[in-house]
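[1] here is a sequence together with a model predicted from it:
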Amino acid sequence: QVQLVESGGDLVPAGGSLRLSCAASGVTYDTTTMGWHRQVPGKERELVAIINRDGTTAYGDSMKGRVTISRDNAKSTMYLQMNSQRQDDTPVYFCNENGPLPCGSPYEYWGQGTQVTVSS
C-alpha cells in the first residue's frame, strides 16, 4: 500500500507562485512514476506533469512552461513549482503514483487532492 498526501494548496494572487508537495509513505518501488493532475468539478482530470524515478519528466499542455516538477527520492516527496498563476489554474491538484509491482502487475495510487485558488 502507498499513501500519498498533498500539501501546499493555498490562495495565490494572479501572476503569483506556489509550490505543492506530495509525500509518499508505505511500500515504495524502484520503478515508479509520480505525477500531478488537476481537475475542475464537472470536467475530466488532466495531466499537469509526470516524473520518473530517474528524474526524466514530461508536461501536459495546460501548464507547460509555467510549472516545474521535481522529486526527492530520499524523502519520498514530489514537488510542483507553479509560476505565473492564472485564474483558470484554480482546480484541485492530485498527486499520483504508478508503476509495475515486482510481479509485473500495474499499480496506481491517488492522493486526496489539494485546492489551489487564484485570485484576481
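    Looks like it arrived, so ask away.

[2] low-confidence ranges in this structure?
    Along the chain, the model assigns pLDDT under 70 to residues 29-31.

[3] distance of the residue most central in space within it from Leu47?
    Residue closest to the average C-alpha location in the chain (C-alpha atoms, centre = their mean): Trp36, at 2.2 Å. Relative to Leu47, Trp36 is positioned 8 Å away (C-beta to C-beta, to the nearest Å). (C-beta placed from N, C-alpha, C; glycine too.)

[4] cool, and Arg71?
    16 Å.

[5] what does Arg53 give?
    Distance from Arg53 to Leu47, by C-beta to C-beta: 18 Å.

[6] Thr68 now?
    With C-beta to C-beta as the criterion, Thr68 and Leu47 are 15 Å apart.

[7] same check, this time on Leu20
    On the measure of C-beta to C-beta, Leu20 and Leu47 end up 15 Å apart.

[8] quick check on the nearest residue in space to Asn73 that is not next to it in sequence: phi, psi?
    Nearest non-adjacent residue to Asn73, counting by C-beta to C-beta, 6 or more residues apart in numbering: Arg53, 6.5 Å away. When quoted as degrees, to the nearest 10, the phi and psi of Arg53 stand at phi -60, psi -30.
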